[in-house]
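Student: Based on what follows, work out the 3D shape:
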Amino acid sequence: MKKRRLAISAIVAAFALILTGCSSSSDEGSADGFVGVILPDAASSARWETADRGFLQAAFDAAGICIFTSFAWTLNDVAPQVQAACGDEFTVENLTLIGERIWNMEKDFNLRAGFTRKDDALPKRLMTEAAKTGPAKGVVSGLDKMLPIYYQVRGWDEEGRIKPETRKRLGL
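Tutor: Below you'll find the predicted structure:
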């Protein structure tokens, strides 16, 4: 029953985000300032793997675009479609910010549901057994080293909680 309520709450929250994204462009109650984001080259940027990819996926989800049917698209492809439906303020930069806000709202939802840093884990086998083939052959996951860096890039504290300054910057 609890899982069902969480699932229904998540669906309602996602629907509300979509409706909010297509709402009025009024400046009433909006935060001051502007956030500009330069999207990296996905093939060569480590930041793409740790931060921007999630924001892109969240923005695609909020726009109702299936990530599997649009694997070669970027926000440059999506922005004109969202602008046609919702308004000119949905630039690549604003869609990236929307994606970042969604990513953090999802994290906040999970934190409120009782998830902790302990839940940001891989299966035991991946943490103890080395890869048997491929470019990572012989390597055991370095999640313990990567997680603090990931949290820092996201603007979260060492326990995976959203920092107050991140909340403020995103208007959460």
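Student: helix or strand for Asn110, which one?
Tutor: In the assignment (DSSP states H and E), Asn110 maps to helix 92-112.
Student: Now do that helix: which elements does it pack against?
Tutor: Using 3 or more C-beta pairs under 8 Å, 6 or more residues apart in numbering; DSSP states H and E as the contact test, the elements touching helix 92-112 are helix 2-21, helix 53-62, helix 75-86, helix 143-154, helix 164-170. For every residue, glycine as well, the C-beta is placed using N, CA and C.
Student: Would you mind checking which of those scores lowest on average pLDDT?
Tutor: Out of these, helix 2-21 stands lowest, with a mean of 51 (criterion: mean pLDDT).
Student: How many neighbouring residues does the closest residue to Cys66 other than its chain neighbours have?
Tutor: What sits nearest to Cys66 in space, not counting adjacent residues and going by C-beta to C-beta, 6 or more residues apart in numbering, is Phe60, at 7.8 Å. Phe60 has 19 neighbours, counted by other C-beta atoms under 10 Å.
Student: and the angle from the helix holding Asn110 to helix 75-86?
Tutor: 90 degrees (axes from the mean of the first three to the mean of the last three C-alpha atoms, to 10 degrees).
Student: Nice, that's everything, thank you.
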